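Undergrad: no FASTA, just this:
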Ligand SMILES: [Zn+2]
């Protein structure tokens with residue numbers, strides 16, 4: 001049976017080869033999701049080697065962070081955009097786990113990030129969660145957690161109300177609005193812990209800032225931030 005199954009699998013993969021989620025080329029037998037060439041050449045930031053990197057700097061004077069990190073630079077039309085598209089809109093949630101593992105393997109070598117106790121994904125709007133079936137940031141968190149030997153607290157930070165109607169507000173009003181909508185359900189779980197707040201892409205940083213401000217109200221909590229991609 002196994003032999004037959006193996007032949008069948010080989011035959012099917014000959015007709016419909018699995019494609020690299022970043023470049024679209026066919027994967028070979030020992031490759032999974034992302035081809036070897038992409039794994040080497042994707043635009044890594046190496047922010048784990050630069051404590052004062054651009055992600056950390058975005059929060060200076062706003063919220064106090066132990067460390068800030070993004071795995072990749074995001075460019076329109078680039079391989080990271082392909083990856084994110086498949087991950088968020090094509091149901092390939094295992095891409096998030098893999099990218100979490102890749103990021104975690106870098107962060108575990110960093111003095112600051114290796115002390116992370118709990119990983120908290122930015123919560124998704126309920127409606128979006130129903131449509132997609134998974135929170136992409138939670139998939140990234142799961143991959144990171146394995147490498148950092150940390151727990152994931154997916155449902156502690158919540159977004160109880162929708163934040164539409166923000167289009168006509170100033171940046172300041174928008175921030176105020178965001179701050180109102182996130183809340184920590186169980187502060188005890190996060191008390192005196194080093195929490196790594198994670199999201200898929202960082203652009204303005206306003207969502208992460210709003211989440212971080214709420215988390216930092218928890219007694220003794222230390223905060224770091226990590227995302228898959230940094231978009232200028
Ligand atoms: Zn590739």
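TA: Nice, I can see it. Not measured: the values here are computed from a predicted model. Numbering: from 1, shown residues only.
Undergrad: pLDDT value on the nearest residue to residue 91 once chain neighbours are set aside, please?
TA: Spatial nearest neighbour of residue 91, chain neighbours left out: residue 133 (7.5 Å); criterion: C-beta to C-beta, 6 or more residues apart in numbering. From N, CA and C alone the C-beta is placed, and that goes for glycine too. In this prediction, residue 133 carries a pLDDT score of 92.
Undergrad: For residue 133, give its distance to residue 124.
TA: Per C-beta to C-beta, to the nearest Å, residue 133 is found 10 Å from residue 124.
Undergrad: follow-up on the earlier one: my read: the residue nearest to residue 91 touches residue 89, true?
TA: No. With contact defined as C-beta atoms under 8 Å, residue 133 and residue 89 do not form a contacting pair (11.7 Å).
Undergrad: So the two - more neighbours on which side?
TA: residue 89 (11 against 8; other C-beta atoms under 10 Å).
Undergrad: Give me the phi and psi for that one.
TA: The phi and psi values for residue 89, taken as degrees, to the nearest 10, are phi -120, psi -10.
Undergrad: where does this structure come near the ion, residue by residue?
TA: 20, 22-23, 35, 38 (C-beta under 5 Å from the ion).
Undergrad: Would you mind grabbing the residues shared as contacts by residue 133 and residue 89?
TA: Common contact partners of residue 133 and residue 89 (C-beta atoms under 8 Å, 6 or more residues apart in numbering): none.
Undergrad: Quick check, pLDDT for the closest residue to residue 205 other than its chain neighbours.
TA: In space, and not counting its chain neighbours, residue 205 is closest to residue 58: 4.4 Å by C-beta to C-beta, 6+ apart. For residue 58, the model assigns a pLDDT of 96.
Undergrad: Pull the contacting residues for residue 58.
TA: Contacts for residue 58 (C-beta under 8 Å, 6+ apart) come out as 68, 202, 205.
Undergrad: and it, how far is that from residue 129?
TA: To residue 129, residue 58 is 26 Å away according to C-beta to C-beta.
Undergrad: again with residue 211
TA: Separation of residue 211 from residue 129 (C-beta to C-beta): 16 Å.
Undergrad: quick one, which of those two is more surrounded?
TA: Taking other C-beta under 10 Å, residue 211 and residue 129 do not tie; residue 211 has more neighbours (28 against 14).
Undergrad: Next one: the more buried one, what pLDDT does it get?
TA: Per-residue pLDDT puts residue 211 at 96.
Undergrad: Pretty sure it sits in a helix.
TA: Yes. Per DSSP: H, G, I helix; E, B strand; the rest coil, residue 211 lies within a helix segment.
Undergrad: I'd say it and residue 183 touch.
TA: No. Here residue 211 does not reach residue 183: they are 10.0 Å apart, not a contact under C-beta under 8 Å.
Undergrad: Show me whatever sits in contact with both of those two.
TA: Residues touching both residue 211 and residue 183 (C-beta under 8 Å, 6+ apart) are residue 157.
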